[in-house]
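Visitor: the following comprises the amino acid sequence and a computationally predicted model.
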Amino acid sequence: MSRVEFESATAAIVEALGLTRAKDLVGLLARERSREYVLATMHVPAALEPLTAFLDARDRAGVPDREAAAYVRGYIAGWTRRRDAVSVQTVWSGPPTAEVPVRATAQVLVEVVREAAQEFVAMTYSARVYAPLVSAMRAAVARGVRVDVVVETRAGAGGLLSGPEPARAFAGVPGVRIWHWPTEQRSAPGARQHAKVAVADGRVLFLGSANLTASGASRNIEAGLIVRGGTAPQRAVEHIRELQRRGLLQLLADSGG
């Protein structure tokens, strides 16, 4: 039973430490460092409890340090494969069909925001206040997530957008940074910022036809995909960041960024 406990504790410590720090633990175990040295060197307050449980389980199971290192290395490999596995699902707004169950855009948008631990990046053409999304974004900012939203402007849309500026939809999210594509940076007359994208931590990518509005999230018939894993989410973020770095996307003066 103690070996089962050790295996469970190994899975927990890899999850708690993350890949980079878990590899550091492998190195310490392979060099047969003392328990005190491991605890002092692997100073990660949030992982102290699972690390202590791992070392306790190792001792109770009588697992040699180098064998423990091999266990941790194996769980790292498994976790990496799970992280890199690609999942793609279709997402729809509008009337549901009982015969073909699908994910709803409104649900997925809020879900992607809630999954963000470090950064959430979104792009939209039109935007209106959508309370569930605004609430999720406010909670994300409160827990320390960097939130960036790229919007079209009425000037950039050339009269095709009516009502308030799309950026106003996020006025209720203190700390959000609003970006736009200045008209002077556009290579041709009539070019539009028409992308609809949402990315959490470079791990989860939602893209489709829906704007960040109540109509786009629920009333219209809209279609999209949510992609988990693989390189697509990270590449999307990298492309947006490069557009920002080059000045093609710029902060709006009143965005608070």
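Guide: Structure's in. What do you need? Numbers count the residues shown, from 1 in each chain.

Visitor: tell me the buried residues in stretch 16-33?
Guide: Of the residues in stretch 16-33, those buried under the neighbour-count criterion (16 or more other Cβ atoms under 10 Å) are 16-17, 21-22, 25-26, 28-29, 33. C-beta coordinates here come from the backbone N, C-alpha and C atoms, glycine included.

Visitor: what's the closest non-adjacent residue to the residue in the chain sticking out farthest from the centre?
Guide: For the chain, the residue at maximal distance from the C-alpha centroid (Cα atoms, centre = their mean) is residue 62, at 39.2 Å. Taking Cβ to Cβ, 6 or more residues apart in numbering, and ignoring the residues beside it in sequence, residue 62 has residue 2 as its nearest neighbour in space, at 7.7 Å.

Visitor: contacting residues around the one you found?
Guide: 57, 60-62 (Cβ atoms under 8 Å, 6 or more residues apart in numbering).

Visitor: ChimeraX command to pick out the buried ones of these?
Guide: Provided next is the ChimeraX selection string for whichever of these are buried by 16+ other Cβ under 10 Å:
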select :57,61
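
Visitor: hang on, residue 11 packs against residue 74?
Guide: No - in terms of Cβ atoms under 8 Å, residue 11 does not count as a neighbour of residue 74; the distance is 10.0 Å.

Visitor: who has more neighbours out of the two?
Guide: Neighbour tally, residue 11 and residue 74, criterion other Cβ atoms under 10 Å: the higher count belongs to residue 11, 17 against 13.

Visitor: please name the nearest non-neighbouring residue to that one.
Guide: residue 75 (5.6 Å).

Visitor: report the secondary structure state of the spatially closest residue to residue 122 that is not a sequence neighbour.
Guide: Once its chain neighbours are removed from consideration, residue 122 has its nearest residue in residue 198; the separation is 4.4 Å (Cβ to Cβ, 6+ apart). When the structure is reduced to helix, strand and coil (DSSP: H, G, I helix; E, B strand; the rest coil), residue 198 reads as strand.

Visitor: compute the number of surrounding residues for residue 198.
Guide: Residue 198 sits with 27 neighbouring residues when counted by other Cβ under 10 Å.

Visitor: same thing with the one 3 residues further on?
Guide: By other Cβ under 10 Å, the residues close to residue 201 number 17.

Visitor: now do residue 216
Guide: Residue 216 sits with 25 neighbouring residues when counted by other Cβ under 10 Å.

Visitor: mind listing what it touches?
Guide: Residue 216 makes contacts with 93, 105, 126, 196, 209-210, 222, as judged by Cβ under 8 Å, 6+ apart.

Visitor: mind running it again at 10 Å?
Guide: Shown here is residue 216, whose contacts under the criterion Cβ atoms under 10 Å, 6 or more residues apart in numbering are 93, 105-106, 109, 124-128, 130, 196, 208-210, 222, 224.

Visitor: next, give phi and psi for it.
Guide: The phi and psi values for residue 216, taken as degrees, to the nearest 10, are phi -70, psi -40.

Visitor: got the confidence number for it?
Guide: The model reports residue 216 with a pLDDT of 91.

Visitor: how far does stretch 68-78 sit from its chain's centre?
Guide: Distance of stretch 68-78 from the chain centroid (Cα atoms, centre = their mean, to the nearest Å) equals 25 Å.

Visitor: what is the mean pLDDT for it?
Guide: Within the predicted structure, the mean pLDDT of stretch 68-78 is 91.

Visitor: where in the chain is pLDDT low?
Guide: Judged against pLDDT under 70, the low-scoring parts of the chain cover residues 1, 82-84, 254-257.

Visitor: in it, which residue is most central in space?
Guide: Most central in the chain (Cα atoms, centre = their mean) works out to residue 200, at 1.9 Å.

Visitor: show me what that one is bridged to.
Guide: Partner residues in beta bridges with residue 200: residue 120, residue 204, with DSSP bridges as the criterion.

Visitor: quick one: contacts for it?
Guide: 111-122, 140, 145, 206, 228, 233, 237.

Visitor: got it, and residue 182?
Guide: Under the criterion of Cβ under 10 Å, 6+ apart, the neighbours of residue 182 are 153, 155-156, 247-250, 252.
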